[in-house]
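*Asks:* Quick check, what structure comes out for this input:
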Amino acid sequence: MSLFFHSVTLISRRLTLSALLALFTIFLLSGCKPADETVDVSPPAATSKNSELWPRIVRTAKGDIQISHPPRRIVSTSITMTGTLLAINAPLVGTGATVPNTTVADDQGFFTQWS
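*Replies:* Now for the predicted structure:
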């Protein structure tokens, strides 16, 4: 009886390993693309600096709000948004997450990983 369970366990392990290897191979090959394929890296047609996009109207439950011009200075109060704002070159002047000149922040108060 013990020999039967041992052989079933061995077959089960081999099938599991074979299935995992097949899945790994499928994922590996599906991540590859042909070398002649090109990717469009052109910037989006509309950016926040285009003057024709302003003024903007934001509709809220309490009524419409008109924003007449793009922001000139932004202070991020959310640590999760600061990196994104820096990545899109927003006019970020400060963050509420840190203070300047610490072991984790530069002289402007941004985390050193972002500066």
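*Asks:* Where does the prediction get shaky in the chain?
*Replies:* 1-8, 10, 32-51, 97, 113-115 (pLDDT under 70).
*Asks:* From Pro91, how far out is the spatially most central residue of it?
*Replies:* The chain has Thr84 as the residue nearest its centroid, 8.1 Å off, counting by Cα atoms, centre = their mean. Distance, Thr84 to Pro91, using Cβ to Cβ, to the nearest Å: 14 Å. Where you see a C-beta, it was placed from the backbone N, CA and C, and this is true even at glycine.
*Asks:* sorry, back to before: helix or strand: which one has the residue nearest to the centre of the chain?
*Replies:* helix 79-87 (DSSP states H and E).
*Asks:* Flag every buried residue along that helix.
*Replies:* Using 16 or more other Cβ atoms under 10 Å as the test for burial, helix 79-87 gives Thr82, Leu85, Leu86.
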